[in-house]
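>>> build me a model from this:
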Amino acid sequence: MEAGDILPLDVILEKAQARYRGRVLEVELEREAGRHVYEIEIVDEQGVVRELYLDASSGELLKAEQEH
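Down below sits the predicted model:
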């Protein structure tokens, strides 16, 4: 983050919650396919849990999965 390669977590969470409102359960920063990816688990008011994958450098939503 200090080198400017990835966005701060608060910016990433803001982007994630703009798309999917809810309570954040877990956040992980991982390296996948040569880039850093934030994995964010969110539960909404109906109890639906989603895992969001956001590019750590741009904040772009790469994938969203609903857990069963």
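>>> shaky segments in this structure?
1-4 (pLDDT under 70).
>>> ok, now with 50
1-3 (pLDDT under 50).
>>> the helices in it, which residues?
9-19 (DSSP state H).
>>> can you pull out the strands in it?
23-32, 35-43, 49-55, 61-66 (DSSP state E).
>>> in JSON lines: those strands, plus mean neighbour count.
Where you see a C-beta, it was placed from the backbone N, CA and C, and this is true even at glycine. Output for the strands of the chain, formatted as JSON lines (neighbours: other C-beta atoms under 10 Å):
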{"stretch": "strand 23-32", "mean neighbour count": "12"}
{"stretch": "strand 35-43", "mean neighbour count": "19"}
{"stretch": "strand 49-55", "mean neighbour count": "19"}
{"stretch": "strand 61-66", "mean neighbour count": "13"}
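>>> switch those over to a markdown table; also include distance to residue 15.
Formatted as a markdown table, these follow (distance: least, C-beta to C-beta, whole Å):
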| stretch | distance to residue 15 |
| --- | --- |
| strand 23-32 | 12 |
| strand 35-43 | 9 |
| strand 49-55 | 6 |
| strand 61-66 | 8 |
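>>> spatially central residue in this protein, please.
residue 40 (3.8 Å; C-alpha atoms, centre = their mean).
>>> surely residue 43 and residue 25 touch.
Yes. Using C-beta atoms under 8 Å, residue 43 is in contact with residue 25, at 5.8 Å.
>>> what's the overlap in contacts for the two?
residue 49 (C-beta atoms under 8 Å, 6 or more residues apart in numbering).
>>> what's stretch 52-61 in contact with?
Here stretch 52-61 has contacts from 5-7, 11-12, 15-16, 19-20, 29, 35-42, 62-64, using C-beta under 8 Å, 6+ apart.
>>> could you rerun that using 6 Å?
5-7, 12, 15-16, 36-40, 62-64 (C-beta atoms under 6 Å, 6 or more residues apart in numbering).
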